[in-house]
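Asker: Mind looking at a prediction? Sequence and model below.
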Amino acid sequence: MRSPRSSAPPARAIEVRARLVPIVSTLIGSACALVPTVTLSPAWPPFGLLMLLGWRLLRPEMWPAWIGLPLGLADDLLTGQTLGTGMVTWTLCLLLIDLVEVRLLWRDYWQEWLLAAVAIAIGILGAWAIACWTGGATPVTLVEPQILTSILCFPFIGRLCALLDRWRLAIGKIRASDD
Amino acid sequence: MKAPTRNRRPGFSRRAQYGLFLSYVVAVTGVFVGLGLVVVSHVDPEGFGAVRGAALDLTTPVSAFGRGMVRGAGSIVDGVANYIDAGSKNAAMERELEANRRALVRARILALENDRLRRMLHLVENRPASIAVARIVGSTGVSSRRLATITAGLAQGVRPGQPVRSPEGLVGRIVEAGMLASRVLLITDNASVVPVRMARGGMPALAAGRGDGSIEIRPLGAGGNPFNRGDIVLTSGTGGLYPPDVPVAVILRKEGDIAIAWPLADPSQLDYAVVEQPFAGLPSPPKGTSGETH
């Protein structure tokens, strides 16, 4: 679809915005780990991962599967996890969603939440396993509350992605490209 | 309910099919590269120090900016809480002050006697000098590791391996140093083991973090569980990294052979920390792998 270029002068700006908003919002999600508190146990949901899943489930066509690599690397650097943790777990989550999605006949809210819940559990447990291997063995009960809060947070993140999506595509002014 | 998106199906275009296939090849290759990075970090924990340090320098100002506000809000809550039952608290504090005054006099007498005995023995005191005083601005809240960020780095002379303490007690040691900021492995992290001894009796033990804010104290001697609730453990100075006689933790309860303790320098309440020289030089890195990498 090459036609949007011909519409109006701000079309170019909207195109740039449409590409940047998902990436920047995911990076901001990762940067939530910079909140200035010293926590005694893993308490914060991994907002970067939640944003990534939110965008992926909302717009399956937007990102190729390898987008987990650069975004995961940025997440590792921002949150201070072992380098490679985010790269591996995020990309595995995206590949898993790709695998499941081609087998689904329809999608609804609960299915999407369930899919996100499984991906969140895989993401957090993967990061936990890597932290155990590179650091010391932590009991898995320590990350269970984090998994639970992240799953409960997901619908709100999904809403946020939808809001951002309407703004980034300037719906009402120019149509989203469907390719 | 919406229809499944078929947009990922490339249709009959050969070029689009190859493009999709290539993106999966890149993704899977990337996963293996990521696993490789994890393995490298496992073998050589300081291997990516430069990259991680640079990221730390860039992100620390964000945390440092907000830290004052968070602490301010926390202290307002504490301040309000302090006004409730102020009367009974006052009476309790007066009793405590009385007891402390007596203990202080006794401690002064002991300090004088200690000084005199040291002079008699010609014991040389070489306390390591402090390197930097830094603010604690944040921590890894997402990861299951317990690392805190402080606002001093290579520029201030901070190097990985140096011990960090606060006036209340031991905080941890430096594991990563950027130019202006560094990460501290807290004593509550699972990877941290501190050689300690009991303040009462001097029995040696090991203090290992448990990852949930508490510390596990394992006695080194055989037979029984010598700990009591309220006992204080100090660093022993064994191993040469942590200076001796720094308070570490207070024992909360016994669990079989071990005891569960809480750090005296509570990381969530700390404001400032002091980076010190290792007590007797830097220890060699664990696993003896640094020989190949240098």
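Answerer: That came in fine, so what should we check first? Small disclaimer: the values here were computed from a predicted structure and weren't measured.
Asker: can you give me the strands in chain B?
Answerer: Ranges of strands in chain B, per DSSP state E, are B:130-139, B:147-150, B:163-166, B:169-177, B:182-186, B:193-198, B:204-209, B:215-219, B:232-235, B:247-255, B:258-263, B:272-276.
Asker: go on, chain A?
Answerer: Listed from the start of the chain, chain A has no strands (DSSP E) to report.
Asker: center of it - which residue?
Answerer: Centroid-nearest residue in chain A: A:Leu52, 1.1 Å away (criterion: Cα atoms, centre = their mean).
Asker: okay, and for chain A, where does confidence drop off?
Answerer: Under the criterion of pLDDT under 70, the regions of chain A flagged as low confidence span A:1-10, A:136, A:171-179.
Asker: at 50 what do you get?
Answerer: Counting by pLDDT under 50, chain A contains low-confidence residues at A:1-9, A:176, A:179.
Asker: For it, which segments count as helices?
Answerer: According to DSSP state H, chain A carries its helices in the segments A:11-31, A:47-58, A:68-79, A:85-101, A:109-134, A:144-168.
Asker: that older thread, export the strands of chain B to JSON lines and tack on mean neighbour count?
Answerer: All C-beta spots, glycine's among them, are computed from the backbone N, C-alpha and C. Rendered in JSON lines, the data for those read as follows (neighbours: other Cβ atoms under 10 Å in any protein chain shown):
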{"stretch": "strand B:130-139", "mean neighbour count": "22"}
{"stretch": "strand B:147-150", "mean neighbour count": "26"}
{"stretch": "strand B:163-166", "mean neighbour count": "24"}
{"stretch": "strand B:169-177", "mean neighbour count": "25"}
{"stretch": "strand B:182-186", "mean neighbour count": "28"}
{"stretch": "strand B:193-198", "mean neighbour count": "22"}
{"stretch": "strand B:204-209", "mean neighbour count": "21"}
{"stretch": "strand B:215-219", "mean neighbour count": "20"}
{"stretch": "strand B:232-235", "mean neighbour count": "22"}
{"stretch": "strand B:247-255", "mean neighbour count": "18"}
{"stretch": "strand B:258-263", "mean neighbour count": "20"}
{"stretch": "strand B:272-276", "mean neighbour count": "20"}
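Asker: now for the helices of chain A, which one comes closest to B:Met120?
Answerer: Smallest distance to B:Met120 across the helices of chain A (Cβ to Cβ): 50.0 Å, for helix A:109-134.
Asker: for the closest one, packing partners?
Answerer: Of the remaining helices and strands, those touching helix A:109-134 by 3 or more Cβ pairs under 8 Å, 6 or more residues apart in numbering or on different chains; DSSP states H and E are helix A:47-58, helix A:85-101, helix A:144-168, helix B:14-43.
Asker: Before we move on, what's the pLDDT of B:His42?
Answerer: pLDDT recorded at B:His42 is 80.
Asker: Please apply the same query to B:Gly161.
Answerer: Looking at B:Gly161, its pLDDT reads 86.
Asker: Look up how far B:Ile131 lies from it.
Answerer: Between B:Gly161 and B:Ile131 the computed distance is 12 Å (Cβ to Cβ, to the nearest Å).
Asker: so where's the stretch 1-150 of chain B uncertain?
Answerer: Residues of the stretch 1-150 of chain B meeting the criterion pLDDT under 50: B:1, B:3.
Asker: Repeat the analysis, applying 70 as the threshold.
Answerer: Low-confidence segments of the stretch 1-150 of chain B, defined by pLDDT under 70: B:1-10, B:67-78, B:123-128.
Asker: hang on, the earlier thing: excluding its backbone neighbours, what's nearest the residue nearest to the centre of chain A?
Answerer: For A:Leu52, ignoring the flanking residues on the chain, the nearest one in space by Cβ to Cβ, 6 or more residues apart in numbering or on different chains is A:Thr26 at 5.3 Å.
Asker: Could I get the contacting residues of the one you found?
Answerer: Listed by Cβ atoms under 8 Å, 6 or more residues apart in numbering or on different chains, the contact partners of A:Thr26 are A:48, A:51-52, A:55, A:71.
Asker: ok, which pair from those residues is furthest apart?
Answerer: Pairwise distances across those (Cβ to Cβ) peak at 11.1 Å, for the pair A:Gly48 and A:Trp55.
Asker: correct me, but B:Val248 touches B:Leu234?
Answerer: Yes: under the criterion of Cβ atoms under 8 Å, B:Val248 makes contact with B:Leu234 at 6.3 Å.
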